[in-house]
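Asker: got a predicted model here, sequence first, then my questions.
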Amino acid sequence: MFRLPLAARSLAALAAFAAAAHAHGDVAPQPMNTDALPDTGEEWLTENPYRGQGPEVWQAAIDIGDSGYNQNCARCHGLGGVSGGLAPDLRYLEAEEFGDEWYVERFRTGYTQNGITKMPAFGELLGQKAAWAIRTYLETRPDDGALDEATGRLLEIRDELAAMAGGGGGDAAALEAELTGIAEAVETGSGAPVADSVAYRAASLIAGEAPDYAAAAKTLTVGLSAAN
């Protein structure tokens, strides 16, 4: 399928936003608990501070941004960042300073068209940490179809994990390695180097000394169903 280059898709998204007539102004912003994230200071930044602070901060930002986005932004921009077309698909806003500057300005000031608020100004209501958490979540969304080739195998792994959760045998280390390999091949829509895909999440859930096979199986079930 033909796809515009990433920069062109980002510009298209900005143009779509300016023309969108999808009302958002009647939605009361929902507060976000960002205590787990490092402080960003009082002055608003122009580049995502959570992009390069290590895996723990990165994951915390994604988790907080996931919840915050789906409470505050999904009505217009689509569940999981997948737009229905009336507002821009923010997964394709480039994961670099150009995309960050546009994003944070819109987040802070909102958008009004002909005197009607289409998007409220979230800056003072939610704060900078919330802004960058949502941004981190969005820029790690997998590209459309990124898991298509691996879906069949992921469903098989899902079934193996479900059996292991019920007491059955299995090679957890091998499954973790396979999931990690699948996750590393998933591309983001934004150009960010790592995608927070269902394969990545499932691998994380079965890693370490306390693997949660049931949660990993559920993650694959829900994530693959949503993708289809």
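Answerer: That came in fine, so what should we check first?

Asker: alpha carbons only for contacts and neighbour counts from here, please
Answerer: Will do.

Asker: identify the residue nearest residue 182 in space, chain neighbours excluded?
Answerer: Leaving aside its chain neighbours, residue 182 sits nearest to residue 199 (6.5 Å; criterion: CA to CA, 6 or more residues apart in numbering).

Asker: remind me, longest helix of the protein?
Answerer: helix 55-72 (DSSP state H).

Asker: domains for the chain, by residue range?
Answerer: 6-139, 151-227 (automatic domain parsing).

Asker: residue 124: neighbouring residues, count only.
Answerer: For residue 124, the neighbour count with other CA atoms under 10 Å is 10.

Asker: part of a strand, is it?
Answerer: No: counting by DSSP: H, G, I helix; E, B strand; the rest coil, residue 124 is not part of a strand but helix.

Asker: name the nearest residue to it, ignoring sequence neighbours.
Answerer: residue 108 (7.2 Å).

Asker: hang on, the one you found packs against residue 119?
Answerer: No: if you go by CA atoms under 8 Å, residue 108 and residue 119 don't touch, sitting 10.3 Å apart.

Asker: which one's more surrounded, the two?
Answerer: Higher neighbour count among residue 108 and residue 119: residue 119, with 22 against 19, using other CA under 10 Å.

Asker: and the more buried one, bridged to which residues?
Answerer: residue 111 (DSSP bridges).

Asker: state the distance from it to residue 185.
Answerer: Using CA to CA, to the nearest Å, residue 119 is found at 35 Å from residue 185.

Asker: sec struct for the residue nearest to residue 124, please.
Answerer: From three-state DSSP, the assignment for residue 108 is helix.

Asker: check contacts around it.
Answerer: Residue 108 makes contact with 121-124, according to CA atoms under 8 Å, 6 or more residues apart in numbering.

Asker: got the CA positions of the longest helix of the chain in PDB?
Answerer: C-alpha atoms of helix 55-72 as PDB (Å, rounded to 0.1, in the frame of the first residue of the first chain):
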ATOM      1  CA  PRO A  55      13.600   2.500  30.100                       C
ATOM      2  CA  GLU A  56      12.000   3.000  33.500                       C
ATOM      3  CA  VAL A  57      11.000   6.600  32.800                       C
ATOM      4  CA  TRP A  58      10.100   5.800  29.200                       C
ATOM      5  CA  GLN A  59       7.800   3.000  30.400                       C
ATOM      6  CA  ALA A  60       6.200   5.100  33.100                       C
ATOM      7  CA  ALA A  61       5.600   7.900  30.600                       C
ATOM      8  CA  ILE A  62       3.900   5.400  28.200                       C
ATOM      9  CA  ASP A  63       1.700   3.900  30.900                       C
ATOM     10  CA  ILE A  64       0.600   7.300  32.300                       C
ATOM     11  CA  GLY A  65       0.200   8.700  28.700                       C
ATOM     12  CA  ASP A  66      -1.900   5.700  27.700                       C
ATOM     13  CA  SER A  67      -4.400   6.400  30.400                       C
ATOM     14  CA  GLY A  68      -4.400  10.100  30.000                       C
ATOM     15  CA  TYR A  69      -4.700  10.000  26.200                       C
ATOM     16  CA  ASN A  70      -7.700   7.600  26.300                       C
ATOM     17  CA  GLN A  71      -9.500   9.700  28.900                       C
ATOM     18  CA  ASN A  72      -8.800  13.100  27.300                       C
END
